[in-house]
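Novice: Let me see the structure of the following:
(one chain, ligands or ions: 2)
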Amino acid sequence: MSKIVVVGANHAGTACVNKILATYGDKNEVVVFDQNSNISFLGCGMALWIGKQISGPEGLFYASKESLEEAGAKVYMNSPVESVDYDKKEVHVLLDGKTKHVEGYDKLIFATGSTPILPPIKGAEIVPGNREFKATLENLQFVKLYQNSEEVINKLNANPDIKRVAVVGAGYIGVELAEAFERLGKEVTVVDIVDTCLAGYYDPEFSNLMKKNLEDHGIKLAFGQKVEAIEGDGKVERLITDKETFDVDMVVLAVGFRPNTALGDGKIELFRNGAFLVNKKQETSIKDVYAIGDCATVYDNAVGDTNYIALASNAVRTGLVAALNAGGDGDVVESAGVQGSNGICIYDLKMVSTGLTLEKAKRFGYNAAVTEYTDLQKPEFIEHDNHEVKIKIVYDKDSRVILGAQIASKEDISMGIHLFSLAIQEKVTIEKLALTDIFFLPHFNKPYNYITMAALSAKE
Ligand SMILES: Cc1cc2nc3c(=O)[nH]c(=O)nc-3n(C[C@H](O)[C@H](O)[C@H](O)COP(=O)(O)OP(=O)(O)OC[C@H]3O[C@@H](n4cnc5c(N)ncnc54)[C@H](O)[C@@H]3O)c2cc1C
Ligand SMILES: NC(=O)C1=CN([C@@H]2O[C@H](COP(=O)(O)OP(=O)(O)OC[C@H]3O[C@@H](n4cnc5c(N)ncnc54)[C@H](O)[C@@H]3O)[C@@H](O)[C@H]2O)C=CC1
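Specialist: Numbering: from 1, shown residues only. Ligands and ions are numbered 1, 2, ... in the order given. Prediction:
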């Protein structure tokens, strides 16, 4: 019997632990340490909870210490792993945040995730040693954990005077929270250093749809501005950028995640952003040490190389791969790689994307071209609930292989993006996509649907 120690039990850790125990039963002793008091919080529900679109946070958890223990693991919560002795194969833990404890391992799996990036903004600091990203200035909020959303909600409930909220970062978290605060009747300003929103996921014409959507709902956009300082007498009063000063009562910082890899202690090879560099088996550069989820790299099929993409979907899948490799007797399972598929729904605008935008494809050196199409979801004779859909496909002019896709509509077009995710993974060409069998039923789509039409319209 071998002992597997898992550090971190959120989405990656939970998936991994459950898979090891379900697949290899009693072959392994599984010991789990997590520094938090809860696990499996679905951050994606944070905006829905804050914006009162769901009644409470209860449904945002799908696992617990008890459920992992029922599956057969030994789980220690509130127990940070402080260091690892890779030669002796031991982890050093502060059990319950108090008692020093040493646990030996045969295999070690890091699922330590990520932390919110703290940009160099005067006045924006985290209380030293605080693991819940508490800022020194009151009403300056980081948003990652369950506790963070709870704190925001408690403050808003207790202080009706918090009327003006600035969100720094117009990525996925920032845009979702902007909607949530606006739904609460707050005056919302979204600031981003680049001159658009969702720039990592969409080309400008798609980002512009979201921009307009936000503005149509009264959200103020301050794009292309660098935040220099957050000021106030003990609590937030002003947000100062290189161009403007905003009087605000709360500031939320959401400018991306940084991998949490301090336990590597300079001994494990890292990617350029500090993530644990792993191969397709989730192995790090140290034997018997694996890394999964937001603390690790992924193999990105769209760029044909290692990359960093922090998503719960990647966390779960990398957890499964590590479980199958670490839990069995020399089993070898390789990740199929990822495309960074993602989606967002703000008010009634739904946008999904996968792979590379045109701008990114060019940056990665592809001779990239695009084909676009806009049409109704269903035939014209369907007079109700029939909205326009905009699609853009990015492909490589030389190899003809599909590199990315973006779709936007008021319709639920989310399932369509999975086709493109698989197409990128399997290196499907734009010509092959044009002849792909896509069913037709007027309740759902058109015979010459926008996917086929976009592919058939490829000119270059
Ligand atoms: C507001 C918000 C919305 C999001 N929405 C989506 C979405 O819609 N779709 C999507 O795909 N992704 C979404 N994400 C991203 C997603 O939440 C992350 O990609 C995911 O949480 C990564 O899971 P993980 O288990 O790898 O890491 P984490 O969730 O960061 O978990 C790491 C775990 O490790 C523990 N840990 C860290 N260090 C130690 C240590 N030294 N000792 C013990 N324990 C330790 C932590 O307590 C934590 O439980 C969202 C994130 C946020 C914040
Ligand atoms: N729907 C989904 O799939 C969701 C996914 N997530 C994931 O969680 C992770 C973290 O999300 P986000 O924090 O929103 O990161 P993000 O990468 O989506 O967006 C960060 C934004 O901050 C901006 N920015 C960077 N530095 C800045 C600075 N100094 N000042 C102002 N703006 C700055 C960037 O231009 C970018 O628009 C991402 O990997 C994201 O994909 C989060 C929420 C929802």
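
Novice: Buried ones in the helix or strand hosting residue 210, by neighbour count?
Specialist: Using DSSP states H and E, residue 210 sits within helix 204-216. Under the neighbour-count criterion of 16 or more other Cβ atoms under 10 Å, helix 204-216 has 206-207, 209-211, 213-214 buried. No exception for glycine: its C-beta is placed from N, CA and C like everyone else's.

Novice: Quick check: the gap between the closest residue to residue 260 other than its chain neighbours and residue 83.
Specialist: Take residue 260 and drop its neighbours on the chain: the residue closest to it by Cβ to Cβ, 6 or more residues apart in numbering is residue 112, 4.5 Å away. From residue 112 across to residue 83, the span is 13 Å (Cβ to Cβ, to the nearest Å).

Novice: who has more neighbours, the two?
Specialist: Using other Cβ atoms under 10 Å as the criterion, residue 112 and residue 83 rank with residue 112 on top: 29 against 12.

Novice: Next, the contact list for that one, please.
Specialist: Residues counted as contacts of residue 112 (Cβ atoms under 8 Å, 6 or more residues apart in numbering) are 7-8, 260-261, 263, 295.

Novice: one step back: chain center to the helix holding residue 210: distance?
Specialist: 21 Å (Cα atoms, centre = their mean, to the nearest Å).

Novice: That one - contacts with which helices or strands?
Specialist: For helix 204-216, the contact count by 3 or more Cβ pairs under 8 Å, 6 or more residues apart in numbering; DSSP states H and E identifies helix 172-183, strand 220-223, strand 342-346, strand 349-355, strand 388-396, strand 402-409 as packing neighbours.

Novice: Please identify the most buried of these.
Specialist: Across these, averaging neighbours per residue (mean count of other Cβ atoms under 10 Å) puts strand 402-409 on top, at a mean of 27.

Novice: Beyond that one, next helix or strand please.
Specialist: Toward the C-terminus, strand 402-409 is succeeded by helix 416-425 as the next helix or strand (DSSP H and E).

Novice: quick one: buried residues of the helix or strand following that next one?
Specialist: Per DSSP H and E, the first helix or strand lying C-terminal to helix 416-425 is helix 430-434. Residues 430, 433-434 are the ones in helix 430-434 that count as buried (16+ other Cβ under 10 Å).

Novice: that older thread, name the residues contacting each of residue 112 and residue 83.
Specialist: Counting by Cβ under 8 Å, 6+ apart, the common neighbours of residue 112 and residue 83 are residue 263.

Novice: For the stretch 251-400 of the chain, which segments count as strands?
Specialist: Assigned by DSSP state E, counting those that start in this stretch, the stretch 251-400 of the chain shows strands spanning 257-259, 289-291, 298-300, 305-307, 342-346, 349-355, 368-376, 388-396.

Novice: Find the closest residue to ligand 2 in the stretch 101-250 of the chain.
Specialist: residue 171 (1.7 Å; Cβ to the nearest ligand atom).

Novice: That residue - how many residues pack around it?
Specialist: By the criterion of other Cβ under 10 Å, residue 171 has 19 neighbours.
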